[in-house]
Structure formats: C-alpha cells, structure tokens
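J.: Give me coordinates for this.
(2 chains)
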Amino acid sequence: MFFIKIINDWPVARLDNMSGNNNADGPQDSQTVVPGENLGQSNEFEAGHGIMIRNDNLVATKNGKIKINGKTVSIEPIHSTYIPRPSDLVIGYVEGCTNNIWFIDIGAPFNAILPMSLGPSKASFGSTRQVIDIGEAILCRVQEVEETHSSVVTMKGMGLRKIRSGSIDDVDPHLIIQLLENNQEHLKNMKEDSDCRIITADNGRIWIDGEVEGIITVRNSLNSLSNNSRLLEQGGVA
Amino acid sequence: MGGYGDIEMIDENGLRMDGRTATDVRPITIETGVVPVADGSCRMTWGTNDVIVAVYGPMEAHPRKIQRQDRAVLDVRYNMAPFSTTDRIRPGFNRRSREISKVTSDALESVVLLEMYPRSKIRVEIEVICAEAGTRCVGLTAASVALAHAGIPMSDLVVSVASGKINDIVVCDLNKEEDNYGEADLPMGILPNSGEIVFLQMDGDLSQEEFQTAWDYNVAAAYEVHKIMIEALKNGGVN
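T.: Numbers count the residues shown, from 1 in each chain, chains lettered A, B, ... in the order given. Just a heads-up that it's a prediction; the model follows:
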C-alpha cells in the first residue's frame, strides 16, 4: 500500500518540473520503459520501433524492453498486434467468401482478401466454398498491403496450402522473433522434445502437426513462453 | 456539491474525517493483466474506489461510418456496476456515464498515437466495481495504464486527480462525504512528462487563489501517482 505524503515543495505543471523520469545516461539495453519515458538525447541514436523523438529527446511510446541494435533504439513491447507486411508468411482462417474471393482473418485489425486467381488452382468461379470452406485454416503469404492496412494474401508458392491436420496455437507476434533467434534454438528444442512438425507464421500463429502428446507438450511450452513474456521482472522477453 | 457548509469536515489541526491532511491522497494499488482475454487490462483501487479497465484492439471499426481514413477511433465506455454504490444504479448508459465516456475519450485521444492505425477502433471498457468519489479520475488513470499494457503506442500516460473545497479549505483527493457536502470539485488530467493538461472540469465555485491552490495540489499528487503507475507497468502490479 502506498500512502502519498505531499511535501511543501510543490511541482507545478511546467516542463522543467514535470519530467519525472529523465534518463540522463541515455537508453540502456534491456531497460524496461513505459510510454512517455524520456530516454535522453537523440544525438547519436536513431528512433526505431516504439520510440519517438520529442524536442531532440528519445521518448518511449510503448511499455516494454529497450533493444539497441547499432545506432537504432527500439522497444520490444509486452504485447503487440500483428500489422501485415508484404511477403509475411501467415496462418489465416476463412471468415467469409463470395463467388471469387475469400475473406481471411489473419489476426490483424483488418481481414485480408484471397482472390480466386491467387487461391488453389482447382477453384473456379462460384466454387470457392467447395474448395476452402468458412472456418477452415490456410497457410498463405501476404502479397500486398495498402496504406490503410488492408491486405491481399496468396496461396501461390512453395508449401502454401490448406491446413487439414494438427493444431493451431496463438502467441503474440513479437514472440515468434524470440522463437527464431539464436539460430532457431528454442524452436529446435521444441521439435525434438515433441517429435512434431512446427510451422511458425509471422502473425503469431503456430501450426503444430503430430501426435496428440507432442501437440500438448508444444502448447504447454508456448503457454509458458506467453505468460513469461508479460512478467517483466521474471525473465520475460519484454 | 450539497453545499452543507456547516458540517465540519476538517478540524482545527487540519485533519480530515478520514485522518488525512489537506494534501494527502488516498491509498492506491494498481494491478495489470487482470483480464486475460483482453489485449491489456488493469485493476486500480484508489481508497475505496475499485475500477477494472480492459482494452481491446486495434480492430476494424464497425459500423463503417465511424471509421476515420487517417487515424483510429477510441471507443471508451465508462460504466458503473449496479452494486457499486449504496443506491442501486439502473444498468446501462445514462447521461452521466455518456459525459464521462466522452471526456475520458477526449483526454486519451491527446496521448494515444491514433494515426498509426487508420480505419481501426480501440475499445476501452471502464467498469466501476465500487464507487466512493472521483471515479472519473480513477477511470481515466486506469485506462491509460491499461492502454500501455495493451501495447498501444502513446506519447505519455495520463494521470487524473481531483481537488476540491470543504469548509472553505482547499483539499486534495476528496472522499465521498467531502464530495457530497463540499463546496467545489476540480478534477484534472495531467501528462506527467510534458506537464500538459488534457482534462479539466469544475463543479462549484472557487476563487482565483483557491483555484491555483487546487491546481497545485492536483499537479503535485499527479506526480506521485505517476510513480505508482510506472511501478505497476514495470512490475505487473503495486500492492
């Protein structure tokens, strides 16, 4: 419990008195930050993801951990939403269809569209639902993203297909990067422990195919990864 | 603002009915991640006030007519549970909750970087479980913590504190009796890093000097509450 005692030295609503968390030493790697936190002068650094520059100072705009890569300072957030980029491999669920278009939920703020011309070759006008029905999952790739974040996905490409077996699990998209870092060490361990085929998509969805026991092992491992990621002081990623 | 000025709410030593001095703020606890299915959430207790906030999104804005081509829209809903006060509150929106939803949304719009998510919607649900006094301040403060927890980009956190006048003395953070029988109330929303004011309302009458004192009390208290918010966001909760 905090019981606040205010002393006589009143700060007032002015810039010089209100900057409560200035960081004079500049940003430190793995430092936990909150939105609005001043990370020091921007002279030698460039603002990356989750950082903005205000009055020549680096200011955090997200809650997470700082990552410094060369001159670029960015924030690995504790929670992220998938924003599609061209050539991302994604797992999507069919939410609806017309005679020649499927609408795909790819976990982004907006549904993507899969035109018949970019879908499976056996699809013909009017038979979209016979080829991929509503609720079914597909492995596809983002072909194009408009300025307004609407996107087009394609199933033309190596390995892109309808998912017919196994299980699909969700994690935050930034955790996929953690799974793949250090030469996919974490992912390889999970594959060896479970004897399952695991395909990670950039939108945070993971396709696990194999025996039921193996799928359960992988899902437990992913759950603990997700839970730890939000506990900043207990070894989480952000 | 009942205006019952003859009820003694502060004694000759400057102590209020609950033992606080004029500048003391009620005890505060913040816990993040209380709603697992939400993208971000927070539970904040401020004295006897108890507020839960859940944030969902960014998501596609529905109906389409509310979409903005250049930025996201904030859909803030403030609601008091029927059991949150001694008098049962009729469930659903009323004039007061609409007003508080609007001012909370306006205050948050000044810090959330909405232009990063065009045509989207960010849903903020503020649910008051137990109300004492100053629930709009608690709701706004908790909403900014929940938005930060959801990973929504923001230029600053918003801290909201209210000061008021009881028995012609300006005090910080009014409790229920002081709110009901006091003479004035001045809730403010402050950006602690830039010092900007994003929300200001006044109920009752304050002289220029009293207004300045209430303003100073609010800013000083906001600075302290901000430290608790940072602690909660960095450690998952402050108890």
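
J.: secondary structure element for B:T141?
T.: Assigned by DSSP states H and E, B:T141 falls within helix B:135-149.

J.: chain center to that helix, what's the gap?
T.: 6 Å (CA atoms, centre = their mean, to the nearest Å).

J.: Averaged pLDDT, that helix. What do you get?
T.: Here helix B:135-149 scores 96 as its mean pLDDT.

J.: Kindly export it (C-alpha atoms) in CSV.
T.: C-alpha atoms of helix B:135-149 as CSV (Å, rounded to 0.1, in the frame of the first residue of the first chain):
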residue,chain,number,x,y,z
THR,B,135,-14.4,7.6,-10.2
ARG,B,136,-13.8,9.6,-13.4
CYS,B,137,-10.3,10.3,-12.2
VAL,B,138,-9.6,6.7,-11.3
GLY,B,139,-11.2,5.5,-14.6
LEU,B,140,-9.0,7.8,-16.7
THR,B,141,-5.8,6.9,-14.9
ALA,B,142,-6.6,3.2,-15.0
ALA,B,143,-7.5,3.5,-18.7
SER,B,144,-4.1,4.9,-19.6
VAL,B,145,-2.3,2.1,-17.7
ALA,B,146,-4.5,-0.5,-19.5
LEU,B,147,-3.7,1.1,-22.9
ALA,B,148,0.0,1.0,-22.1
HIS,B,149,-0.4,-2.6,-21.0
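
J.: So is that helix next to chain A?
T.: Yes. Judged by CB under 8 Å from any CB of the partner chain, helix B:135-149 comes into contact with chain A at B:148-149. Backbone N, C-alpha and C define where each C-beta goes, glycine included.

J.: can you pull the buried residues of that helix?
T.: B:135-149 (16 or more other CB atoms under 10 Å in any protein chain shown).

J.: Nearest to chain A among these?
T.: Checking the buried residues of helix B:135-149 against chain A with CB to the nearest CB, the nearest one is B:A148 at 4.5 Å.

J.: OK, contacts around the closest one?
T.: Neighbour list for B:A148: A:34-35, A:62-63, B:40, B:154, B:157, B:233 [criterion: CB atoms under 8 Å, 6 or more residues apart in numbering or on different chains].

J.: what about 7 Å?
T.: Going by CB atoms under 7 Å, 6 or more residues apart in numbering or on different chains, B:A148 touches A:34-35, A:63, B:154, B:157, B:233.

J.: Point to the residue nearest the middle of chain B.
T.: B:C137 (2.0 Å; CA atoms, centre = their mean).

J.: OK, contacts around it?
T.: Contacts of B:C137 (CB under 7 Å, 6+ apart): B:160-162, B:187.

J.: how much does the longest helix along chain B deviate in direction from helix B:135-149?
T.: Longest helix in chain B, counting residues (DSSP state H): helix B:208-235. Angle, helix B:208-235 to helix B:135-149, by axes from the mean of the first three to the mean of the last three CA atoms, to 10 degrees: 30 degrees.

J.: How about helix B:208-235 and chain A, touching?
T.: Yes. Judged by CB under 7 Å from any CB of the partner chain, helix B:208-235 and chain A are in contact via B:216, B:219-221, B:223-224, B:226-228, B:230, B:233-235.

J.: tell me the contacts of B:E12?
T.: Neighbouring residues of B:E12 by CB under 7 Å, 6+ apart: there are none.

J.: Would you confirm that it belongs to a helix?
T.: No. Applying DSSP: H, G, I helix; E, B strand; the rest coil, one finds B:E12 to be coil, outside a helix.

J.: Give me the residues contacting stretch A:87-97.
T.: A:102-106, A:111-112, A:128-129, A:132-142, A:153, A:168, A:201-203, A:205, A:207.

J.: Just give the nearest non-adjacent residue to the residue minimising distance to the centre of chain A, would you?
T.: The centroid of chain A falls nearest to A:P173 when counting by CA atoms, centre = their mean (2.0 Å). In this structure, A:P173 finds its nearest non-sequential neighbour in A:G204, 4.0 Å apart by CB to CB, 6 or more residues apart in numbering or on different chains.

J.: Same question for B:A150.
T.: B:G40 (2.5 Å).

J.: same for the longest helix seen in chain A, what does it pack against?
T.: As assigned by DSSP H, the longest helix anywhere in chain A is helix A:173-194. Helices and strands touching helix A:173-194, by 3 or more CB pairs under 7 Å, 6 or more residues apart in numbering or on different chains; DSSP states H and E, are strand A:197-200, helix A:212-229.

J.: rewinding a little: and the contacts of B:C137, which of them are in strands?
T.: Applying DSSP state E to the contacts of B:C137, the entries found in strands are B:160-162, B:187.

J.: quick one: the helices in chain B?
T.: Going by DSSP H, chain B shows helices at B:95-109, B:135-149, B:176-181, B:208-235.

J.: could you dump the ones you listed to a markdown table with distance to A:Y82?
T.: What follows is the helices of chain B, written out as a markdown table (distance: least, CB to CB, whole Å):
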| stretch | distance to A:Y82 |
| --- | --- |
| helix B:95-109 | 23 |
| helix B:135-149 | 18 |
| helix B:176-181 | 44 |
| helix B:208-235 | 22 |
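
J.: For these, which has the smallest mean pLDDT value?
T.: Among the helices of chain B, helix B:176-181 scores lowest, with a mean of 89.

J.: Could you list the buried residues of that helix?
T.: Neighbour counts over helix B:176-181 (16+ other CB under 10 Å) mark B:176-179, B:181 as buried.
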